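Enquirer: Pasting the sequence and the predicted model now:
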Amino acid sequence: MKSIYIKFSLFFASLLVIASCEPEFEQSVENDQIYESGEANFSNYVAVGNSLTAGFMDNALYREGQMNSFPNIMAGQFEFAGGGEFTQPMVNDNLGGLLLNGEKISPNRFVLAVGEDGNPAPAELAGTPTTEITNKLNGSFNNMGVPGARSFDLSFNGYGNPANLPSAANPYFARFASSPDASVIEDAVAQGPSFFSLWIGNNDVLGYATSGGAGQDQTGNLDPSTYGPNDITDPNVFAQVYSSLVDGLNQSASGGILMNVPDVTSIAYFSIIPAKTVTLDAETASQLNAQFSLYNTQVLGGLAQVGVISESEAQARQINFSAGNNFVTMQDENLTDISTILQGPPFSLDPQTAQILSQLRQANDSDLIPFSAAQVIGTTVNDDPTLINGVSVPLSDQYVLTPEEQSLVQAATNAYNATIEGIAQQNNLALLDVNSILTQVNQEGIPFNGGVITGEYVAGGGFSLDGVHLTPRGNALIANEAIEAINEQYNASIPNVNLGDFKTITPSNDVAQ
Amino acid sequence: MKKLLIACLIMLSSASIYAGGYRVAAQGQRALAMGHAGVAVVNSAELAFFNPAGLAHLEGKLNVSVGFTGVLSQTRWQNEDTGQFSETDSGVGTPFHAYISYKLNETFTAGLAVYTPYGSSVDWEQDWAGSHLVNDIDLQSIFVQPLLSIRLSDEVSIGGGPIFVTGNVNFNRNADRSLTDEQGVRSNVTIDDTGVTNWGWSASMLITPGDNFKVGINYRSEIILSSEDGDATFNNFTNSPLTPANTTMGFQADLPLPAELTIGASYEFNDKWLLAVDYNRIFWDVYKSLDIDFENPAVPNSINPRNYKSASTYRVGVQYNALDNLTLRAGYYFDETPVRDGFFAPETPRNDSNGFTGGLSFAINDQIAIDASLLYLRFQEVDASYDPYVENGQQAPFEGTYNSNAFLPGIGLTYKL
């Protein structure tokens, strides 16, 4: 009799004990060491670089973008294998504009606004920004990404000194530099990183490319203090600076990852506007052809005959329109400048016409049109309906990246990437070939659970609305690829993130009027 | 551009209201303590639910059973590929029951039953990895049923009656896996409706071939709750013609409460010991898809395939009359999941489970007894996915490992006169 009570009590008690337990996984991602750090130590990860490291996107640095910076995504995954806290110099809001002494010095971020015509286009998000760059942030930051930085800027003392603004200092770094004379790399090294990422060099060619080659190729000039903002950095300057950056970071680090420079032709900024972008009806086309027929036959023919220009240049400079889509007209600085000749006999053209024809040609499939040209193509000059930019008036140099200019960018990029690869090998660091990843994104796209990330503007999901910087999803892709390279190099097993969980662009009509 | 618009709209099309297997078997403290077996146990007014035909066999003129159960359940989810994890907030659900029967004469007994056989309350962490399927859901239904039990002969009695059901639902999920407003807050939709009503019925039979052997059968009809007056509220969408506006609109959706058949037997070995076995079949195959039709035709209908299959539960329980005033009970059941592979949605992640039960009745006097029961429900750890979720025209399965359990302590009162 008693034994039944005892048995029953035991049964009831054991039910209570079992039931009070929470469900536990056989192997829990939270508690068990499923993931390994291998030979790397992620306890103090420091990310050094430019806007891409900072989480700059949609033409601004805003909080949501920062939260989705690839280093922040990576740091979140490192936490599964001993990673520590990852601090970032957060801006004040989700607008992204900057203030200097209350004056707005940079725009808010882009959103995708649908215009009255029903067409969506990027536009600045409305609102008054609140990030005042003279409000100094205290402490050190694991994310040392500084938008706009070129390789040599990272070791420039005074880059964060507000007194040096606007030309010799950077407003983003001014917010969190440890002292006015500190350099980015000094502040990074001072944190004693146990692991680092370095992605720098993009702006050493990007300014030149996005300005349509308006700057100078400084190859051969070893003094970066003489460089303009749109110049190409000399590859030797890059190599020297890069090697010293890595040496500095490597002092304390168990390892790191170096990320190379993507080919500029792989960014959406150069694929949004096709060179063949002028749509004409048959009537307008024949009117334009009549307008250019003297140029095509007499001017080019005559100049070729007398040897001022070659026969092939005369051919390349022909202007021809037809009904449908046409290539834009442009000024190519590599062509012979014939404006002076045209103003003299036998042509005796007025200076304005001579200027239009001076280095005129029509673009072709080899030319790249930067996104900035969207503001210009199709607009009129002095409200004269016959003077249409990109059609009857050629686009100026800054709106076309010609094949000659592309090859300068390409040569510099290749040289930088060779340096990066060599230094990675010398130092046994992981290397991420961002160049080929973005090429793949552009060509066939990269599939993920529930989609394919491509380089197509807006719909592709990879590039933010500025066409240069990545979306959160693009950042997640870089983070995943970097994690795989790190796992390989250091025998680690850091888990990837799910790209489908990361957003792309923001549609909104809350835009500045 | 059209692509983006379509993408934004399709995001809305995967809502779901129901838990996977939202049947909560806790309709009597005495039966629950015996593995929720009771179709052939003549014991108390709990028969009003388990087998109304048996009410005519109860001793006494008036029988009352009331009680409630606390459902403490918790589910964890993780994905080892990404390291993502989440868990539900272990909120307390409280299914309750109240039964009364009154013997009119030797042949007829009348009764009234109020009980809550379907419900679900699951609260995941806001914006968790599966938030495009569910953030939180609260589903309640109350069944009210007048009953008549007829003793046809010493061996056979029948019973049954019409069922009036009233239900509430509140359900929130994110618009898709990533969309946010301008401030980075995830876009989401809440569906809310109260007082959705409909009618059904149940009918049963109890056969008593011998003094100590009983066989019972009970059938409860399917009841479809059609939600027509509820509100769908769209929150935290951007101000854009490319996304739905932040507004409240009507919606229409059908929520099936499936039919259930129970067959069972009980045997009294002697004055002390009783054994009961039940077999349940719930006709979940009625739950093919949850389709939500939003009032605004510009917002496409939300189609959520469920593709449930009918499922069985096997129950066994014993009762031991330890003392004149103390009865002990224990039981076990195996509950098959109605969810097919690839349709495992996290509203109530319910795979096959084992239920272990125990309980007791303590008689305060000849009229009143206190009943207590305890159920521990253990689900196997399972790798599962919900595959039909579609984003931008492409399927995006939601995968992971689930681990759940539930602990249901209950208390009740039995009165007879």
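Expert: Right, received. Where do you want to start?

Enquirer: alpha carbons only for contacts and neighbour counts from here, please
Expert: OK.

Enquirer: For stretch B:257-270, output the C-alpha coordinates as PDB.
Expert: Output of stretch B:257-270 as PDB, limited to C-alpha atoms (Å, rounded to 0.1, in the frame of the first residue of the first chain):
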ATOM      1  CA  LEU B 257     -11.500  23.900 -36.300                       C
ATOM      2  CA  PRO B 258     -11.400  20.300 -37.500                       C
ATOM      3  CA  ALA B 259     -13.700  17.500 -36.600                       C
ATOM      4  CA  GLU B 260     -12.500  14.900 -34.100                       C
ATOM      5  CA  LEU B 261     -13.400  11.300 -33.600                       C
ATOM      6  CA  THR B 262     -12.700   9.400 -30.400                       C
ATOM      7  CA  ILE B 263     -13.100   5.700 -29.700                       C
ATOM      8  CA  GLY B 264     -12.100   4.100 -26.400                       C
ATOM      9  CA  ALA B 265     -12.700   1.600 -23.700                       C
ATOM     10  CA  SER B 266     -12.300   1.300 -20.000                       C
ATOM     11  CA  TYR B 267     -12.000  -1.700 -17.700                       C
ATOM     12  CA  GLU B 268     -12.400  -1.900 -14.000                       C
ATOM     13  CA  PHE B 269     -10.200  -4.700 -12.700                       C
ATOM     14  CA  ASN B 270     -11.600  -4.300  -9.200                       C
END
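
Enquirer: ok, the closest residue to chain A within chain B - contacts?
Expert: Ranked by CA to the nearest CA, the top residue of chain B for proximity to chain A is residue B:396, at 4.1 Å. Residue B:396 makes contact with A:449, A:450, A:451, B:387, B:388, B:389, B:390, according to CA atoms under 8 Å, 6 or more residues apart in numbering or on different chains.

Enquirer: Roughly how far does the fifth one sit from residue B:81?
Expert: Going back to what we said before, that points to residue B:388. Remark: distance between residue B:388 and residue B:81 (CA to CA, to the nearest Å) = 20 Å.

Enquirer: Please say which of the two ends up with more neighbours.
Expert: Each of residue B:388 and residue B:81 had its neighbours counted (other CA atoms under 10 Å in any protein chain shown), and the higher figure belongs to residue B:388 (20 against 14).

Enquirer: And that one, how close does it get to residue B:172?
Expert: 19 Å.

Enquirer: and residue 298, backbone torsions?
Expert: Just going to use chain A. As for residue A:298, its main-chain torsions (degrees, to the nearest 10) stand at phi -70, psi -50.

Enquirer: Check the secondary structure at residue A:447 for me.
Expert: Assigned with DSSP: H, G, I helix; E, B strand; the rest coil, residue A:447 falls in the strand class.

Enquirer: Return the distance of it relative to residue B:396.
Expert: 12 Å.

Enquirer: So what's the residue count around residue 313?
Expert: Just going to use chain A. Residue A:313: 15 surrounding residues under other CA under 10 Å.

Enquirer: you looked at the wrong chain, it should be chain B
Expert: Counted with other CA under 10 Å, residue B:313 comes out at 18.

Enquirer: so it touches residue B:337, yeah?
Expert: No. Residue B:313 is beyond contact range of residue B:337, at 9.0 Å (criterion: CA atoms under 8 Å).

Enquirer: Quick one: the strands in the stretch 301-450 of chain A, in order.
Expert: A:324-326, A:329-331, A:360-362, A:380-381, A:384-388, A:430-432, A:446-448 (DSSP state E, counting those that start in this stretch).

Enquirer: who does the longest one touch, helix- and strand-wise?
Expert: In this case it means strand A:384-388. Applying 3 or more CA pairs under 8 Å, 6 or more residues apart in numbering or on different chains; DSSP states H and E, one finds that strand A:384-388 contacts strand A:380-381.

Enquirer: Show me which residues of the stretch 101-250 of chain B are close to chain A?
Expert: Residues of the stretch 101-250 of chain B that fall close to chain A, judged by CA under 8 Å from any CA of the partner chain: B:129, B:177-184, B:238-243.
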